[in-house]
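> from the sequence below, what's the structure:
(2 chains)
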Amino acid sequence: MSTQPTKDGTAEPVLMKGNEACGEAAIRAGCTHFYGYPITPQGELLEYLAERLPEVGGTFLQSESELAGINMVYGAAAAGDRVITASSSVGIALMQEGITYLAAAELPCVIVNVNRAGPGLGRIAPSQSDYNQVTRGGGSGDYQTPVLAPWSVQETADLTVEAFDLADAYRTPVILLSDGMLGQMAEPVRLPEQIDPEALPEKDWALTGAKDRARNLVLAAPLTDDLLVELNESLQERYRTIEAAEQRWAEYHLDDAELVVVAYGSAARIALAAIERAREADIPVGMIRPISLWPFPETAFQDLPGPASQFLVVEMNHGQMIADVEHAVRHDFPVTHYGKGGGWRPSPEELHEHIRDRWEAQS
Amino acid sequence: MEEHILFAGFGGQGILLMGRTLAVAGMQADYHVTWLPSYGPEMRGGTAHCFVVLSADEIASPYVTTPDAAIVMNRPSFDRFHEALSPGGTIVLDATLVGEFEARSDIDVVPIEATQIATDLGNDRVANMVALGAFAATRDFPSVEGLYEALETTLPSEYGAMLALNRTALETGFAEVNAIEQRH
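Here you go, the predicted model:
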């Protein structure tokens, strides 16, 4: 959306698909490895990196399965390099064992989920049906992964870079949640600057060869119960730090909004068009757009600047974010939901009608 | 102002390239643009299509359900999409491949012998650019020059030698429609 070109005089915009922009941004963030398996609608990301990574001296490998791919990610991350993998929904489900191992071993990496409609094999149409999968850990054990959810091709590129920084800062896998619309559509994008991988902060825990220093250990399973309790406590402490420091969101018209739409990704950009239309008819509606889905931006719902008293969650699923919004408003306000799964996507007209009806029913 | 444009034809006719070229021309003229290809089994042997949205403001959705304009390069695409066009909309169609047709009375139809003209120019593969040039002649934006500049970035580099022919195709399509309009 933030595509008004050539205003701040940085890079010239180029027209790219979300998947391609993610791949190029990964390269520019200093990523030198991709391991993964093709699946629609993720394909262009894999194809893009297949061509680009060898050009920058990196490694691209199409693995025999998602499970193999995520475990190759484990290897590259343990060696201290920036590494990315990507899949879609069912493929991310197959990776869960590897993701919990990465979390346990405190290994940074970026995992892109180009969400398609489920459940099961589903369809290649866009969906937000993996909200619970990505925000609740997904694999075994008590772990979480930061989740960033862009709403445009530009933000896909920007958040790809941020995902690598977050992953390294907290030694954790980070998930970038795209979908079949954001991945497939092309928009103008101004690409980030190239980072020199050699200039990134050194990872003193990485397995780089123990010549002239004590050996490092990267373990997905500590050897005693005591150590596992310690690991859990240390991870939880880190998660509380992330919750305090890394909430990301955007706000629209909250100064006068009585009805607040809560939406992220594709649903949010369609919702905003509906909101602008409703405001032209004097409906006091605004929006909170979570950009980090975990940590959920609870702060956005506290000390709201305006008269917000009703919340409407708009998602391309059957209400997976409701619980987080209800928790964020401490159950003080009514929270309703509008959305469907299965590849359904709203039109601005349809959402506008729902907002109008929702408002008229309340007032 | 937000305009929804559909490009449709057979896989292999350069349908996606037409749309992408318009989108880049829009970007270079500071419009907000989105381009979204059709994606699915219909790409094999059936119709291929893509959507372009051009807007002065931010674009909510890249999906097009009721196009304001359509460039239709074969019969199945005409049959499939002509009812979807918004009233008052415009269809530019490849008359060589669509053949006889009956169109709604509330839309403008601009037939152009795109494939025949491209064949006469020496390569039927530039029929898409003949049609895109014709499309440009029906409206203020884009110009043929703007499309050509966009094509310099959208045409895959291995086809660099065909840029000149593509330019001729754009110009010929544009001139053809202008000539028809002058006859009316």
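> for chain B, what are the nearby residues on the stretch 251-363 of chain A?
Residues of the stretch 251-363 of chain A lying close to chain B (CB under 8 Å from any CB of the partner chain) are A:266, A:269-270, A:272-274, A:345, A:347-348. For glycine as for every other residue, the C-beta is placed from the backbone atoms N, C-alpha and C.
> which one of these is nearest chain B?
Set against chain B, the nearest of those by CB to the nearest CB is A:Ala273 (3.3 Å).
> list the buried residues in the helix ranked longest in chain B.
Assignment by DSSP state H gives helix B:163-183 as the longest helix of chain B. Neighbour counts over helix B:163-183 (16 or more other CB atoms under 10 Å in any protein chain shown) mark B:165-174, B:176-177 as buried.
> could you list every helix and strand in contact with that helix?
strand B:108-112, helix B:114-121, helix B:127-137, helix B:144-154 (3 or more CB pairs under 8 Å, 6 or more residues apart in numbering or on different chains; DSSP states H and E).
> helix, strand or coil for the closest residue to chain A within chain B?
Residue of chain B nearest chain A, by CB to the nearest CB: B:Ala60 (3.3 Å). What DSSP: H, G, I helix; E, B strand; the rest coil gives for B:Ala60 is coil.
> how about it, nearest residue that isn't a chain neighbour?
Spatial nearest neighbour of B:Ala60, chain neighbours left out: A:Ala273 (3.3 Å); criterion: CB to CB, 6 or more residues apart in numbering or on different chains.
> can you show me the helices along the stretch 151-300 of chain A?
Counting by DSSP state H, counting those that start in this stretch, the stretch 151-300 of chain A has helices at residues A:153-170, A:180-184, A:225-245, A:265-280.
> returning to what we had before: using TSV, lay out the helices and strands packed on helix B:163-183 together with distance to chain A, mean pLDDT and mean neighbour count.
Converted to TSV, the helices and strands packed on helix B:163-183 look like this (distance: least, CB to the nearest CB, whole Å; pLDDT from 0 to 100; neighbours: other CB atoms under 10 Å in any protein chain shown):
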stretch	distance to chain A	mean pLDDT	mean neighbour count
strand B:108-112	24	96	19
helix B:114-121	24	98	20
helix B:127-137	16	98	28
helix B:144-154	8	97	19
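> okay, these in TSV with distance to A:Gly43 next?
Putting the helices and strands packed on helix B:163-183 into TSV (distance: least, CB to CB, whole Å) gives the following:
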stretch	distance to A:Gly43
strand B:108-112	34
helix B:114-121	30
helix B:127-137	24
helix B:144-154	20
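> now for those, which one comes closest to A:Asp179?
helix B:144-154 (25.0 Å; CB to CB).
> pull the distance from the closest one to the chain's centre.
13 Å (CA atoms, centre = their mean, to the nearest Å).
> export that helix to PDB, keeping only CA atoms.
The C-alpha coordinates for helix B:144-154 follow below in PDB (Å, rounded to 0.1, in the frame of the first residue of the first chain):
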ATOM      1  CA  VAL B 144       2.300   4.000 -26.500                       C
ATOM      2  CA  GLU B 145       5.500   5.600 -25.400                       C
ATOM      3  CA  GLY B 146       4.800   4.800 -21.800                       C
ATOM      4  CA  LEU B 147       4.000   1.200 -22.700                       C
ATOM      5  CA  TYR B 148       7.100   0.900 -24.600                       C
ATOM      6  CA  GLU B 149       9.200   2.200 -21.800                       C
ATOM      7  CA  ALA B 150       7.500  -0.300 -19.500                       C
ATOM      8  CA  LEU B 151       8.100  -3.100 -22.000                       C
ATOM      9  CA  GLU B 152      11.800  -2.500 -21.800                       C
ATOM     10  CA  THR B 153      11.700  -3.800 -18.200                       C
ATOM     11  CA  THR B 154       8.900  -6.400 -18.600                       C
END
